[in-house]
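Trainee: coords below, sequence missing:
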Ligand SMILES: Nc1ncnc2c1ncn2[C@@H]1O[C@H](COP(=O)(O)OP(=O)(O)OP(=O)(O)O)[C@@H](O)[C@H]1O
């Protein structure tokens, strides 16, 4: 039940960037950290793994089945936690509505308050709009929303880059607990120290 990038390549349409053949394996129950210099293609690889981009060559498979690109929608087994929670949120929708909608799209029924508790967020905040909570609170709500989809794999793209230590720790604890429960996690970060403290394995890209 692994998510596998097998010699994937990608070339930006404007020709400005090309990802060389790259392998990566996301295993259930493990946190893999992906580190590398700015611009080396970490987000590009994350989007290839999530099925948001189609590789130029090579393949992405989940549990042996090829992951196909579907415009604007993630295949059913992967959830993505973006580095910019505001950009990833509908400004007109309460956090609770966004969470239940994300779950129902995947055919999942969830307890929003329990998920908020799990990520260290006061459940009362779920009734606010994205602009009515702090950046750290919104990122935790986005993590709860991602988990509401009951993914097999979670890709966290610089998910704690702008957060205070408390929010970072809350997110790290949740990812570890979920990984211990079988979730396969890819954590993209600039911070090698954070990567070493969170992850079961650290993968360098672009070196
Ligand atoms: N919308 C875009 N238009 C033009 N070039 C882009 C665009 N998005 C990404 N790129 C280029 O593609 C390359 C890979 O970008 P990507 O976001 O995958 O890198 P990254 O390793 O995640 O970087 P960072 O750590 O800074 O987030 C970069 O050189 C970047 O300049």
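Mentor: Done, it's in. Everything numeric in this text was worked out from a predicted model, so none of it was measured. Residues are numbered from 1 along each chain as shown.
Trainee: list the buried ones in the helix ranked longest in the chain?
Mentor: Longest helix of the chain, by residue count under DSSP state H: helix 165-180. The neighbour-count check on helix 165-180 (16 or more other CB atoms under 10 Å) flags 167-168, 170-172, 174-176, 178-179 as buried. Every C-beta, even on glycine, is put in place using the N, C-alpha and C of the backbone.
Trainee: Give me the contacts around it.
Mentor: For helix 165-180, the external contacting residues (CB atoms under 8 Å, 6 or more residues apart in numbering) are 29-31, 118-121, 136-137, 139-140, 143, 147, 154, 156, 159-160, 163, 183, 185, 187, 194, 197-198, 200.
Trainee: Just those residues: which are in strands?
Mentor: Counting by DSSP state E, these place 31, 154, 156, 185, 187 in strands.
Trainee: Residue 197 is in contact with the first one, correct?
Mentor: No. With contact defined as CB atoms under 8 Å, residue 31 does not count as touching residue 197 (10.5 Å).
Trainee: so what's residue 159 closest to, chain neighbours aside?
Mentor: Sequence neighbours aside, residue 81 is the residue nearest to residue 159 in space, at 4.6 Å (criterion: CB to CB, 6 or more residues apart in numbering).
Trainee: what does the protein have sitting close to the ligand?
Mentor: Residues of the chain found near the ligand (CB under 6 Å from any ligand atom) are 12, 14, 16-17, 36, 38-44.
Trainee: between those residues, which is closest to residue 127?
Mentor: Closest approach to residue 127 among the residues of the chain next to the ligand (CB to CB): residue 43, at 31.6 Å.
Trainee: and that closest one, how many neighbours?
Mentor: Using other CB atoms under 10 Å, residue 43 has 18 other residues around it.
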